[in-house]
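Chemist: A structural model of the following input is requested.
(one chain, ligands or ions: 1)
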Amino acid sequence: MKKVRVAVIGCGVIAPTHIKCYQANEGAELVAVCDIIEERAKKLAEEYNVPRYTTNAAELFADPEIDAVSICTEHYTHSDLVVAAFNAGKHVVCEKCLAASIPELDAMMAAANAHPELVATGIFQHRFTAINRELKAIVEEGLLGRLLTSRAQLYCLRTDEYYKSDAWRGTWKCEGGSILINQAIHFIDQMLWISGGPDLNQKPVAMIRNLNHEGVIETDDTAAAVVPLANGALGVIEATSASFHIWHNTLSFEGTKGIVEIRDDKPLSIEFKDPEVQAEVTRRLTDAAKPENLDFGKEYYGGGHPGQINDFIAAIQEKRAPYVTLEDAASTARVILNIYEPFRA
Ligand SMILES: NC(=O)c1ccc[n+]([C@@H]2O[C@H](COP(=O)([O-])OP(=O)(O)OC[C@H]3O[C@@H](n4cnc5c(N)ncnc54)[C@H](O)[C@@H]3O)[C@@H](O)[C@H]2O)c1
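Modeler: Residues are numbered from 1 along each chain as shown. Here you go, the predicted structure:
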């Protein structure tokens, strides 16, 4: 099968993860990297033996030899780059969060809808982890009974130095928020996805605070929100980047027949009314948490980014939708942008 020729746009922190995924995928050929800061593009091209680098993404969009692009730039740049990529006929991977504002997200989705022939995915790599897929199956099979509440919690630490390291972080215009849109977004997405999705017709209610980064960021380091879910249940979000924990996430699902909590991708607490269901769910989640079961089915290897990028390449070759559609990713982005809307400067 013809290889998919790819370029990675944005050569910062996350770019090497994408580069390594493409270079390990036999169906893909990484042909170029791009950054507006030339030395970053040059450095990655040299380090990873990428044949070409440029400072101009438009040059890559105009190149008929390039089939697909990974957008690895700051949140506020995603929409324009993705729209340009679609208009140039390129398949797209866009890092989270798809956009820093609702108008940016709307523009991206309008372009996506105008190009249904192109494969597009928004990165939510934790949807490729075995324990999350097993938990989703357990909820879908109705083993928890009627879902009542779902919860996504993240306690993490981001220092003043972290926020000061790049001008876009901690700003409404460029990052679009902070703790929810950048770090907690992964767990918000898992909570929404496992629960069957949000009800986008109802607005979330929320409070946000900057408790420990005053004078450093204009956005939130701490937030709590309640999100209406499509099945009538309530999604609860709690997150802070001012914790002593470097990274600590918990997902909880409470139903009429059972309660499941997982922390950092391992079962934390499993309680069911029926002892047989208790034993079955315990076995399934314990198995899924084993390191050897991190794979996403036999045609994928590893969890996270490799799983999602392999699926993206396969989707292009097989002319099918990716496992995480751009619409899926946009739905989570919209929940977060709706939470922030009343607080935006
Ligand atoms: N999925 C994950 O787990 C994960 C982890 C880290 C970052 N991310 C996401 O990846 C994205 C990038 O984050 P980062 O930490 O790598 O940021 P970064 O600031 O380290 O890198 C972004 C790079 O993009 C470049 N850039 C900006 N506009 C450009 C343009 N028009 N053309 C070419 N290059 C351009 C910048 O010069 C910079 O080098 C963000 O959306 C972030 O949320 C995702």
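
Chemist: find the nearest non-adjacent residue to residue 144, please.
Modeler: residue 255 (2.9 Å; Cβ to Cβ, 6 or more residues apart in numbering). For the C-beta atoms, the positions are set from N, CA and C on the backbone; glycine is no exception.

Chemist: strands along the stretch 51-200 of the chain, start to end?
Modeler: Along the stretch 51-200 of the chain, counting by DSSP state E, counting those that start in this stretch, strands occupy 52-54, 68-71, 91-94, 120-122, 147-157.

Chemist: count of neighbours near residue 161?
Modeler: By other Cβ atoms under 10 Å, 8 other residues sit near residue 161.

Chemist: same check, this time on residue 322
Modeler: 22.

Chemist: that one reaches residue 310, doesn't it?
Modeler: No - using Cβ atoms under 8 Å, residue 322 makes no contact with residue 310, being 10.3 Å away.

Chemist: hang on, the earlier thing: any chance of TSV for the strands of the stretch 51-200 of the chain, columns distance to the ligand?
Modeler: Converted to TSV, these look like this (distance: least, Cβ to the nearest ligand atom, whole Å):
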stretch	distance to the ligand
strand 52-54	9
strand 68-71	8
strand 91-94	8
strand 120-122	10
strand 147-157	12
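
Chemist: how about JSON lines for those, with mean neighbour count and mean pLDDT added?
Modeler: Formatted as JSON lines, the strands of the stretch 51-200 of the chain follow (neighbours: other Cβ atoms under 10 Å; pLDDT from 0 to 100):
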{"stretch": "strand 52-54", "mean neighbour count": "19", "mean pLDDT": "98"}
{"stretch": "strand 68-71", "mean neighbour count": "25", "mean pLDDT": "98"}
{"stretch": "strand 91-94", "mean neighbour count": "27", "mean pLDDT": "98"}
{"stretch": "strand 120-122", "mean neighbour count": "28", "mean pLDDT": "98"}
{"stretch": "strand 147-157", "mean neighbour count": "20", "mean pLDDT": "97"}
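
Chemist: can you put those in TSV and add distance to residue 215?
Modeler: Compiled in TSV, those are given as follows (distance: least, Cβ to Cβ, whole Å):
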stretch	distance to residue 215
strand 52-54	37
strand 68-71	31
strand 91-94	32
strand 120-122	33
strand 147-157	18
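
Chemist: indicate which one of those is closest to residue 12.
Modeler: strand 68-71 (11.8 Å; Cβ to Cβ).
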